[in-house]
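Visitor: predicted model and sequence follow; I will ask about them next.
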Amino acid sequence: MKDYAFAGAESINRAIGILVALDQQQVNAMVELQIDSAIEDCEQEYEKAIADPSYVPDKEFIVRLDNYLALGGERP
């Protein structure tokens with residue numbers, strides 16, 4: 001995480017795409033619910049970032065975002 005830098009709404013949008021793809025492949029209902037929750041979380045932060053380009057989510061979300069991007073190999 002220490003070398004990850006939040007890149008705005010586009011980073012969140014990429015994470016949403018990764019999570020949606022994982023969700024579509026998932027067969028375990030519990031994991032699917034966890035992914036759905038992560039997607040909702042990202043969508044809320046995405047809306048905030050779109051509304052205010054200077055918005056920076058809290059560090060806890062940025063850590064989760066970094067992990068989501070790493071899942072899809074999308075981390076810079």
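Guide: Received the coordinates, thanks.

Visitor: contacting residues around the longest helix along the chain?
Guide: Looking across the chain with DSSP state H, the single longest helix is helix 29-51. Helix 29-51 has contacts (CB atoms under 8 Å, 6 or more residues apart in numbering) with 8-9, 12-13, 15-16, 19-20, 22-23, 26, 55, 57, 61, 64-65, 68. The way it works is simple: take the backbone N, C-alpha and C, and place the C-beta from them, glycine included.

Visitor: in helices, which of the residues you listed fall?
Guide: 9, 12-13, 15-16, 19-20, 22-23, 61, 64-65, 68.

Visitor: so among those, which ones count as buried?
Guide: Neighbour counting with 16 or more other CB atoms under 10 Å marks 9, 12, 15-16, 19, 22-23, 61, 64-65, 68 as buried within the ones in helices among the contacts of helix 29-51.

Visitor: circling back to that earlier point, now do the longest helix of the chain, average pLDDT.
Guide: Per-residue pLDDT over helix 29-51 has a mean of 95.
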